[in-house]
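Visitor: Whatever this is, show me its structure:
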Amino acid sequence: MSQKMILHLDADSFYVAAERLAHPHLQHVPLAVLSSLDAFVIARSYELKPLGIKVGTPKWEAQSIAPNALFIPADFSRYGKVSRQMFQVVRDLAPLVEEYSIDEAFADLSGLDTYYQKSASELCQLIKDRIQQQVGVTVSVGLASTKTLAKLASEYRKPNGLFVVTEQNLHAFLADRAVHEIWGIGDKRGPKLKEKGVETALDFYQLPLETVMRWMGKHGVDLWLELHGHCISPVTETYAPPKSVSRTANFELKSARPEVVFAALSHHTAKVVAILVEDGLFTRHLSIFLRRKDFTFDVASCKLPYPTQNYQVIVAAVRNLFEQCFQRGVVYRGSGIVAAIDPNGAFDLDLFVEYEREQKVANLTQAITQLNRKYGKGTMKYLCTMHHPKPKVRKDEQRLALPIVKAQ
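Guide: Numbers count the residues shown, from 1 in each chain. Got it, this is the predicted structure:
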């Protein structure tokens with residue numbers, strides 16, 4: 001093995017931990033966090049996992065399995081804040097940190113054992129302890145010579161675990177891991193490999209390289225090499241843009257009025273465009289959905305003529321989609337928009353697209369966003385959002401005493 005020291009950090013039941021951090025009285029309450037429209041579970045406490053409640057389990061099914069559990073809507077702004085605090089602790093100790101998701105990160109600790117005069121295991125424990133003391137959540141950590149091994153190791157002792165992969169324990173460790181647990185194999189490729197007799201990570205490790213190449217191509221070869229200690233994918237701080245930006249919410253009062261439902265949709269659209277402009281992102285594919293009173297959906301999608309962050313272009317497309325899927329006489333309880341991020345970025349503006357117009361709209365959006373930040377949300381609004389119905393919001397002060405959604 002090389003002397004690379006790559007850490008993978010994975011927060012334990014992160015959304016639940018962030019909720020309990022904000023509301024200590026929930027510490028020992030079986031808890032599930034719901035999607036934006038409260039349709040399904042996106043995180044659950046360790047008390048619920050043995051019951052078979054998984055990420056993606058519909059809310060009604062989870063409630064029937066765990067009637068005494070507490071079900072609450074997600075608060076992504078809170079989770080983002082805790083995430084930034086957690087990763088800052090890692091950056092205080094390691095110069096090269098790669099944020100993989102809101103609750104996972106890689107860090108290159110190579111050479112830091114000498115700098116800090118601590119062993120690899122002691123360095124990992126130091127990071128774990130500081131996160132728990134300074135942020136208030138627990139994390140599981142794996143350390144190895146490659147990302148693939150480190151990520152596999154961080155899952156080995158969950159929750160609040162620590163495992164360091166060495167040359168001495170490598171084979172026993174891989175023998176104790178199912179092949180589908182290897183990062184990049186998963187539940188899609190795992191069953192196919194098991195059909196060929198490859199059941200554990202060690203079985204995959206021991207395959208001839210030629211066989212891996214024939215079965216899985218370059219992707220499989222890279223995984224095989226990483227399991228053998230060759231760092232094919234080094235830690236990098238390169239920013240990976242999100243695949244999409246979305247905003248959804250239920251209404252406080254249900255409505256069948258088109259101007260009210262469209263105003264809510266326009267409100268979400270304005271928020272999405274503000275994110276696109278602020279982060280320098282562009283979209284070319286839009287999807288909207290209107291949630292009916294009976295929890296069914298009316299949906300519509302479209303492709304824009306070019307990648308854009310222009311509010312006028314996007315809201316015009318949203319209006320067309322709205323007219324396609326809105327059903328008169330139907331009572332709606334919520335709405336949402338998803339803007340897929342175009343990986344190619346800005347369009348090469350030509351005679352068909354006026355660059356100055358695009359830039360003026362972007363500048364206007366930035367100005368509105370900055371004014372709302374400075375003087376408070378809603379200080380400046382787009383006219384088409386003026387009928388926006390008040391959304392259902394979390395009232396943290398009330399939540400300290402009362403649960404949001406209690407299964408009956």
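Visitor: and stretch 256-271, how far from the chain's centre?
Guide: Offset of stretch 256-271 from its chain centre (Cα atoms, centre = their mean, to the nearest Å): 25 Å.
Visitor: actually stretch 100-118, not the one I typed
Guide: That offset, for stretch 100-118, works out to 22 Å (Cα atoms, centre = their mean).
Visitor: Next: stretch 200-214.
Guide: 31 Å.
Visitor: what does that stretch contact?
Guide: For stretch 200-214, contacts defined as Cβ atoms under 8 Å, 6 or more residues apart in numbering pick out 152, 171, 174-179, 181-182, 185, 193, 197-198, 220-221, 223-224, 227-228. Any C-beta I mention is one placed from the backbone N, CA and C, and that applies to glycine too.
Visitor: run the last query once more with 6 Å
Guide: 174-175, 177, 179, 182, 198, 220-221, 224, 227 (Cβ atoms under 6 Å, 6 or more residues apart in numbering).
Visitor: What of stretch 39-49?
Guide: Under Cβ under 6 Å, 6+ apart, the answer for stretch 39-49 is 13, 15-16, 30-33, 35, 53, 55-58, 62, 66.
Visitor: Spatially nearest residue to Ile182 (excluding sequence neighbours)?
Guide: Counting by Cβ to Cβ, 6 or more residues apart in numbering, Ala201 is the residue found nearest to Ile182 once chain neighbours are left out, at 5.4 Å.
Visitor: gap between that neighbour and Leu93?
Guide: Separation of Ala201 from Leu93 (Cβ to Cβ, to the nearest Å): 29 Å.
Visitor: Now do the strands in the stretch 251-400 of the chain.
Guide: Under the criterion DSSP state E, counting those that start in this stretch, the stretch 251-400 of the chain carries strands at the ranges 283-292, 297-308, 332-341.
Visitor: and Arg257, which of those is closest to it?
Guide: Proximity to Arg257 (Cβ to Cβ) singles out strand 332-341 among the strands of the stretch 251-400 of the chain, at 9.2 Å.
Visitor: who does that closest one touch, helix- and strand-wise?
Guide: strand 244-255, helix 258-279, strand 283-292 (3 or more Cβ pairs under 6 Å, 6 or more residues apart in numbering; DSSP states H and E).
Visitor: circling back to that earlier point, can you convert the contacts of stretch 200-214 into TSV and add a column each for distance to Ala367 and secondary structure?
Guide: Output for those, formatted as TSV (distance: Cβ to Cβ, whole Å; DSSP: H, G, I helix; E, B strand; the rest coil):
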residue	distance to Ala367	secondary structure
Leu174	55	helix
Ala175	60	helix
Arg177	52	coil
Val179	53	helix
Ile182	48	coil
Val198	57	coil
Gly220	50	helix
Val221	50	helix
Trp224	52	helix
Leu227	51	helix
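Visitor: Which of these lies at the shortest distance from Ala263?
Guide: Nearest member of the contacts of stretch 200-214 to Ala263, counting by Cβ to Cβ, is Ile182, at 48.0 Å.
Visitor: and that closest one, how many neighbours does it have?
Guide: 25 (other Cβ atoms under 10 Å).
Visitor: Then Ala339?
Guide: 28.
Visitor: for Arg214, same thing?
Guide: With other Cβ under 10 Å as criterion, Arg214 counts 10.
Visitor: any idea which element it lies in?
Guide: helix 209-227 (DSSP states H and E).
Visitor: For that helix, buried residues please.
Guide: 212, 216, 220, 222-227 (16 or more other Cβ atoms under 10 Å).
Visitor: Tell me the one among these nearest to Thr146.
Guide: Glu226 (4.1 Å).
Visitor: Quick check: the closest one touching Thr146?
Guide: Yes. In terms of Cβ atoms under 6 Å, Glu226 counts as a neighbour of Thr146; the distance is 4.1 Å.
Visitor: Which one's more surrounded, Ala201 and Leu93?
Guide: Set side by side, Ala201 and Leu93 show more neighbours around Ala201, with 26 against 17, by other Cβ under 10 Å.
Visitor: Could you measure from that one over to Gly80?
Guide: Taking Cβ to Cβ, one finds Ala201 at 33 Å from Gly80.
Visitor: Highest mean neighbour count across the strands of the stretch 251-400 of the chain, which stretch is it?
Guide: strand 332-341 (a mean of 23; mean count of other Cβ atoms under 10 Å).
Visitor: what pairs with it, and is each one parallel or antiparallel?
Guide: strand 244-255 (antiparallel), strand 283-292 (antiparallel) (DSSP bridges).
Visitor: now for these, which one comes closest to Asn320?
Guide: Once the strands paired with strand 332-341 are compared by Cβ to Cβ, strand 283-292 is nearest, at 9.6 Å.
Visitor: okay, the closest one in CSV with CA atoms only?
Guide: Written as CSV, here are the backbone C-alpha positions of strand 283-292 (Å, rounded to 0.1, in the frame of the first residue of the first chain):
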residue,chain,number,x,y,z
THR,A,283,-30.8,25.4,-16.3
ARG,A,284,-32.3,24.1,-19.5
HIS,A,285,-34.9,21.6,-18.1
LEU,A,286,-37.8,22.5,-15.8
SER,A,287,-40.4,20.4,-14.1
ILE,A,288,-43.3,21.6,-12.0
PHE,A,289,-45.8,19.8,-9.9
LEU,A,290,-49.0,20.8,-8.2
ARG,A,291,-50.1,18.7,-5.2
ARG,A,292,-53.8,18.0,-5.0
